[in-house]
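S.K.: Got a predicted structure plus its sequence, pasted below:
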Amino acid sequence: MLTLITGATGQVGRGFAARLLAQARPGERVRVIVRDEARAASLAAGGAEVVVGDLRDTDALGKALTGVDAVVNIAASFRGVPDEEVWAVNRDAALELGRAARSFGVHRFVQASTILVYGVGRGRPLVEDDPTVPGGGPLWTAYPQSKAEAERGLLELDGLDVRVGRLAFVYGEGDPHLPGITRWTASQPATKRHHLVHVADAAQGLTRLLYAPGAGGRIHNIADDAPVTVLEIHQLLGVEPPADGPDPDPWYAIASTDRIRRELGYRPLFPTLWSARDAGAL
């Protein structure tokens, strides 16, 4: 089995690719497509095949997909870039990759997405059958919009086994996103909760989606067991406490992991932010 990974030099992709390489069985190979070959040096040293090119380059995409059995699309654009770039990478490139994968005879396609696609909360943990609410929630930007449209378009492709993993807020192993979260949590109520997932568990969830039989056409939330409040995040990071006041949507971006636990046997290695802190895995 040859698996192509996109986004392999990002924090989530690097953690996933390294783990997939480490647990590869005889006959299982990993290929990555990257724009900067130097950034994939550690993956190449671990046994990955490296194709240099952009997902939007037809020639590079063809080279990357030749002989591939499965694709895991982790490539994403979300912070600090124009909306046009977000749409181009998260939706347009993802859909083109899916169509190209189908034409090259790829059997399985795993799409990394986000729990932000749900939009507003539902008064309970969000489940995979909940519809997307466009324009919903304080973080409804081009990022969740583009991811939602990519999901929909990929799942509509006939002849391609697509499975979607909706990730909570990813942190851990030096990921700068957790310290950066205070840019917007400083103005949120102290009681506002955020659902997180450690890089190791994001990789675990995507790996289970990759290998699971019968998961085609299914969506699975990937998160830890205990959302944390803004106050707890600020305390852990040692920054000023946030503002106080009511949370207008206390169930926003809080997801149920019941489906992935029941269907795929997922159990977080770091069930809470505190367990990752205690293990030195932040």
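M.R.: Received, thanks.
S.K.: what are the ranges of the helices in this structure?
M.R.: Assigned by DSSP state H, the helices in the chain fall at 11-22, 41-45, 58-65, 83-87, 94-103, 142-155, 177-180, 182-185, 199-211, 230-237, 258-264, 273-278.
S.K.: Comparing those, which comes out most buried?
M.R.: Using mean count of other CB atoms under 10 Å, the stretch among those with the largest mean neighbour count is helix 199-211, at a mean of 23. (Glycine included, C-beta is placed from N, CA and C.)
S.K.: Show me what that one is packed against.
M.R.: helix 11-22, strand 70-73, strand 108-114, strand 161-167, strand 169-171, strand 219-222, helix 258-264 (3 or more CB pairs under 8 Å, 6 or more residues apart in numbering; DSSP states H and E).
S.K.: now those in a markdown table, with distance to Ala281 and mean pLDDT?
M.R.: A markdown table is the format used below for the helices and strands packed on helix 199-211 (distance: least, CB to CB, whole Å; pLDDT from 0 to 100):
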| stretch | distance to Ala281 | mean pLDDT |
| --- | --- | --- |
| helix 11-22 | 11 | 97 |
| strand 70-73 | 22 | 98 |
| strand 108-114 | 20 | 98 |
| strand 161-167 | 17 | 98 |
| strand 169-171 | 9 | 96 |
| strand 219-222 | 17 | 98 |
| helix 258-264 | 21 | 98 |
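S.K.: So which of the ones you listed is nearest Ala200?
M.R.: With CB to CB as the criterion, Ala200 lies closest to helix 11-22 of those, at 6.7 Å.
S.K.: Run through who's touching that closest one.
M.R.: 3, 5-8, 30, 32, 42-43, 46-48, 72, 74-75, 112, 167, 170, 173-177, 199-200, 202-204, 206-207, 210 (CB atoms under 8 Å, 6 or more residues apart in numbering).
S.K.: Give the buried residues for stretch 74-82.
M.R.: Ile74, Ala75, Ala76, Ser77, Phe78 (16 or more other CB atoms under 10 Å).
S.K.: Among these, which one lies nearest to Thr66?
M.R.: Ala75 (18.6 Å).
S.K.: Now do the contacts for the closest residue in space to the closest one that isn't next to it in sequence.
M.R.: Of all residues beyond its chain neighbours, the one nearest Ala75 is Gly7 (3.5 Å), with distances taken as CB to CB, 6 or more residues apart in numbering. Contacts were defined as CB under 8 Å, 6+ apart; by that measure Gly7 touches Gly13, Asn73, Ile74, Ala75, Ala76, Ala112.
S.K.: distance of Gly7 from Ile33?
M.R.: Gly7 sits 9 Å away from Ile33, taking CB to CB, to the nearest Å as the criterion.
S.K.: Please apply the same query to Gly265.
M.R.: Relative to Ile33, Gly265 is positioned 30 Å away (CB to CB).
S.K.: Same drill for those two, tell me which one is more crowded.
M.R.: Ile33 (26 against 10; other CB atoms under 10 Å).
S.K.: measure that one to His107 for me?
M.R.: Separation of Ile33 from His107 (CB to CB) stands at 18 Å.
S.K.: ok so, going back, nearest to Arg183 among the contacts of Gly7?
M.R.: Nearest to Arg183 among those, counting by CB to CB, is Ala76 at 18.6 Å.
S.K.: What sits closest to the closest one if chain neighbours are left out?
M.R.: Closest to Ala76 by CB to CB, 6+ apart is Asn90, at 5.7 Å.
S.K.: Contact partners for the spatially closest residue to Pro241 that is not a sequence neighbour?
M.R.: Nearest residue to Pro241, sequence neighbours excluded (CB to CB, 6+ apart): His234, at 5.6 Å. Counting by CB under 8 Å, 6+ apart, His234 touches Thr182, Thr185, Glu240, Pro241, Pro242.
S.K.: Which pLDDT value belongs to His234?
M.R.: Looking at His234, its pLDDT stands at 94.
S.K.: Ramachandran coordinates for Gly105?
M.R.: phi 80, psi 20 (degrees, to the nearest 10).
S.K.: Tell me, how many residues neighbour it?
M.R.: 12.
S.K.: how close does it get to Gly67?
M.R.: Separation of Gly105 from Gly67 (CB to CB): 9 Å.
S.K.: Isn't Arg267 up against Ile260?
M.R.: No - counting by CB atoms under 8 Å, Arg267 sits too far from Ile260 to count as a contact (9.6 Å).
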